[in-house]
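1. Quick one, structure for this:
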Amino acid sequence: MCKNKRSGSGECHCKVERVPNFALPRLLLELAKKTSHGYELIERLGQEGNPTPDPGNFYRMLRSLEEEGLVCSTWDTQNSGPARRVYELTDQGREFLHAWAVTINQTHQSLGRFLSDYETLFPK
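-> Residues are numbered from 1 along each chain as shown. Sure thing, here's the model as predicted:
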């Protein structure tokens, strides 16, 4: 597809960066919908067509969010089986989610302008 290949290597030397993964705001949004245990969150986030989060990194992120006061957790001992931590979004986490929504909306508008300009220059 790229015509700017290095001679002989067949590799494109154009660097196109991916849109960042919004794992953090997605997680906060899921917790705003419903308090959940970690495994349930991993499953729900994986169902959105995104890669399933790595459990080790995911639980580290949850602990970090708890230390920052964005989420809190309690032990669920009511159900059969081993006790599980149930995570909930705090008021501070809700405010942080609102800030993310503003940023994502600004990015969305910027991407829309880019695509509009692109399609004007390169019609389908």
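
2. and the residue nearest to residue 25 when sequence neighbours are not counted, what is it in contact with?
-> Leaving aside its chain neighbours, residue 25 sits nearest to residue 100 (3.9 Å; criterion: CB to CB, 6 or more residues apart in numbering). In this view, the C-beta of every residue, glycine as well, is placed from N, C-alpha and C. Counting by CB atoms under 8 Å, 6 or more residues apart in numbering, residue 100 touches 22, 24-25, 28.

3. Please list all residues in contact with residue 46.
-> Shown in contact with residue 46 (CB under 8 Å, 6+ apart): 52-53.

4. Same question for residue 64.
-> With CB under 8 Å, 6+ apart, residue 64 has no contacts at all.

5. show me the contacts for the residue nearest the centre of the chain.
-> Nearest to the geometric centre of the chain sits residue 23, at 1.7 Å (CA atoms, centre = their mean). Taking CB under 8 Å, 6+ apart as the contact definition, residue 23 lies against 45, 53, 61.

6. Read off the pLDDT value for residue 12.
-> With respect to pLDDT, residue 12 scores 63.

7. do the same with residue 106
-> Residue-level pLDDT assigned to residue 106 equals 96.

8. Would you reformat the contacts of residue 100 as TSV and include pLDDT?
-> Converted to TSV, the contacts of residue 100 look like this (pLDDT from 0 to 100):
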residue	pLDDT
22	81
24	91
25	93
28	96
